[in-house]
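Colleague: Everything below, folded, please.
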Amino acid sequence: MNTTNRVKLSIMMFLEFFIWGSWFVTLGTFLDKNLSASGSETAAVFSTQSWGAIVAPFIIGLIADRFFNAEKILGVLHLLGAALMYQMYNAADISVFYPYVLGYMILYMPTLALVNSVSFNQMKDPEKEFSPIRIWGTIGWIAAGLIISYVFVWDSAEALSEGLLKNTFLMAGIASLALGLFSFTLPKTPPKVAAGEKVKVGDILGLDALKLLKDKNFAIFFISAILICIPLAFYYQNAHPFLSNIGVEGPTGKMAIGQISEALFLLLIPFFFKKYGFKKTILVGMLAWSVRYLLFAYGNAGELSFMILIGIALHGICYDFFFVSGQIYTNSKAGERYKSAAQGLITLATYGVGMLIGFEVAGWITDTYKGANGAADWKMVWLIPSGIALVVFLLFALTFNDNKKIEDEVIGH
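Modeller: All right, here's what the predicted structure looks like:
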């Protein structure tokens with residue numbers, strides 16, 4: 001790949017995740033402080049991510065892969081997204097805000113696949129070339145959090161009381177506009193499917209990979225992946241409001257520790273696979289969810305603030321050791337014929353179905369454990385998902401018995 005394209009793809013990745021990190025991390029606090037949303041209303045807003053993940057394969061499979069260049073669709077989606085971000089910035093009521101965020105997530109979620117398509121189309125050796133470009137996405141997400149907390153200070157107590165957190169949507173909208181325009185300068189990525197070639201809905205959704213569920217161990221992993229998304233949803237939905245409400249300074253910037261951790265632990269996965277195997281690696285990831293929520297339940301912004309910071313830093317183990325390991329395991333089980341279908345199915349199951357259930361449960365629990373003053377009982381809000389993660393951990397530990405060696409494949413990736 002020439003240097004110009006490498007720089008362009010790196011900028012694309014930076015902006016793609018800068019946009020997401022600009023508003024999604026602080027969304028729960030915004031809904032609480034600016035729109036006075038209930039737990040169930042907050043759950044409905046966060047669930048738009050899941051609806052976007054469910055719709056995304058259709059946009060990619062029926063439009064991007066058949067009719068238009070990926071970089072052009074990427075540009076159009078981000079330009080439309082910028083307009084919706086501006087509407088979200090102006091929304092003063094949850095009933096006005098919800099349709100815009102739903103429309104936005106339906107447009108944004110397909111772009112996650114599109115930036116990968118544009119990148120892979122320029123690579124001769126994706127296994128070596130993709131990571132140095134994808135890391136700029138993580139850097140973009142971290143940069144957004146640091147800017148919010150330490151440059152504009154929109155998440156401080158004073159700024160929250162003045163309603164300034166809504167400016168995150170303006171920042172995201174400007175970045176979306178920039179990426180929308182920049183996308184038209186990206187390397188050309190023509191449609192993958194030849195004109196006139198039929199595309200089945202089952203192929204788009206990865207339904208052919210359902211045959212893998214005949215394998216008992218894969219079925220156990222599949223169900224566990226859906227269930228572990230329930231406690232995962234609590235983090236996305238409640239972590240920022242929790243940090244803000246207990247008085248942690250610069251909560252958005254501190255949450256960026258999770259992304260730094262994610263990048264570091266990604267490098268350790270091959271070592272863990274080789275030394276401990278898939279089952280132990282994924283069990284560590286599951287147990288980490290339970291431990292981090294215990295730390296949140298009993299930590300505070302004062303003398304026990306170190307517990308909160310450790311809980312945030314555990315994000316790398318929580319995410320990488322379960323989800324990235326799970327993607328590798330799925331790849332090894334699927335074989336050449338079903339690899340793409342299997343990854344599509346596991347994404348649909350986790351970010352679609354699993355997270356959809358998780359956000360609803362998180363919203364219900366948050367509403368259930370609210371005091372007379374309307375403040376959440378954070379101890380219970382975190383103990384419940386900690387218990388759920390522990391149950392999933394035990395079920396997986398007792399029922400999963402796949403001892404197939406897949407370390408060689410992992411090291412190769």
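
Colleague: Give me the average confidence score over stretch 53-63.
Modeller: Averaged across stretch 53-63, pLDDT comes to 77.

Colleague: got a list of what the spatially most central residue of the chain touches?
Modeller: Geometric centre of the chain, nearest residue: Tyr351, 7.7 Å, by CA atoms, centre = their mean. Listed by CB atoms under 8 Å, 6 or more residues apart in numbering, the contact partners of Tyr351 are Gln49, Ser50, Ala53, Cys229. Every residue, glycine included, has its C-beta placed from N, CA and C.

Colleague: swap the cut-off to 7 Å and go again
Modeller: Ser50, Ala53 (CB atoms under 7 Å, 6 or more residues apart in numbering).

Colleague: Output the below-cut-off pLDDT ranges for the stretch 1-150 of the chain.
Modeller: 61-62, 64-65, 127 (pLDDT under 70).

Colleague: in it, which spans are helices?
Modeller: 3-23, 27-33, 39-46, 48-59, 70-90, 94-120, 126-150 (DSSP state H, counting those that start in this stretch).

Colleague: List the buried residues of the fifth one.
Modeller: Using 16 or more other CB atoms under 10 Å as the test for burial, helix 70-90 gives 70-75, 77-89.

Colleague: Next: the first one.
Modeller: When neighbours are counted by 16+ other CB under 10 Å, the buried residues of helix 3-23 are found to be 5-6, 8-23.

Colleague: got it, and the third one?
Modeller: Judged by neighbour count (16+ other CB under 10 Å), helix 39-46 contains these buried residues: Gly39, Glu41, Thr42, Ala43, Ala44, Val45, Phe46.

Colleague: Burial check on the nearest residue to the second one once chain neighbours are set aside, number of neighbours?
Modeller: Nearest non-adjacent residue to Glu41, counting by CB to CB, 6 or more residues apart in numbering: Ile94, 5.3 Å away. A count of nearby residues for Ile94, using other CB atoms under 10 Å, gives 18.

Colleague: Quickly list the domain ranges of the chain.
Modeller: Domain assignment of the chain by automatic domain parsing yields the ranges 1-199, 205-413.

Colleague: With adjacent residues omitted, what lies nearest to Phe321?
Modeller: Gly285 (3.0 Å).

Colleague: Contact partners for the one you found?
Modeller: Ile317, Cys318, Phe321, Phe322, Ser325.

Colleague: helix or strand for it, which one?
Modeller: helix 269-298 (DSSP states H and E).

Colleague: tell me the angle of the next helix-or-strand element following that helix relative to helix 269-298?
Modeller: Using DSSP H and E, the helix or strand that follows helix 269-298 in sequence is helix 305-313. Put simply, helix 305-313 runs at 140 degrees to helix 269-298, going by axes from the mean of the first three to the mean of the last three CA atoms, to 10 degrees.

Colleague: what's helix 305-313 packed up against?
Modeller: helix 251-266, helix 269-298 (3 or more CB pairs under 7 Å, 6 or more residues apart in numbering; DSSP states H and E).

Colleague: again, 10 Å this time
Modeller: Counting contacts by 3 or more CB pairs under 10 Å, 6 or more residues apart in numbering; DSSP states H and E, helix 305-313 packs against helix 216-245, helix 251-266, helix 269-298.

Colleague: Not counting residues beside it along the chain, what's closest to Ala172?
Modeller: The nearest residue in space to Ala172 (CB to CB, 6+ apart) is Ser22, at 3.8 Å.

Colleague: Identify the residue spatially nearest to Phe265, adjacent ones excluded.
Modeller: Gly316 (3.5 Å).

Colleague: Tell me which helix or strand the one you found sits in.
Modeller: Going by DSSP H and E, Gly316 is part of helix 315-319.

Colleague: Give me the mean pLDDT for the helix or strand following that helix.
Modeller: Going down the chain from helix 315-319, the next helix or strand is helix 325-347, by DSSP H and E. Helix 325-347 shows a mean pLDDT of 77.

Colleague: Next SSE downstream of helix 325-347?
Modeller: Next element after helix 325-347 (DSSP H and E): helix 355-368.

Colleague: CA atoms only: put that next one into CSV for me.
Modeller: Output in CSV follows, covering the C-alpha atoms of helix 355-368 (Å, rounded to 0.1, in the frame of the first residue of the first chain):
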residue,chain,number,x,y,z
MET,A,355,-27.4,-5.9,23.5
LEU,A,356,-31.1,-5.2,22.8
ILE,A,357,-32.0,-7.5,25.7
GLY,A,358,-29.2,-6.1,27.8
PHE,A,359,-30.2,-2.4,27.4
GLU,A,360,-33.8,-3.2,28.3
VAL,A,361,-32.7,-5.1,31.4
ALA,A,362,-30.3,-2.3,32.4
GLY,A,363,-33.1,0.3,32.0
TRP,A,364,-35.5,-1.7,34.1
ILE,A,365,-33.0,-2.3,36.9
THR,A,366,-32.0,1.4,37.0
ASP,A,367,-35.7,2.4,37.3
THR,A,368,-36.4,-0.3,39.9
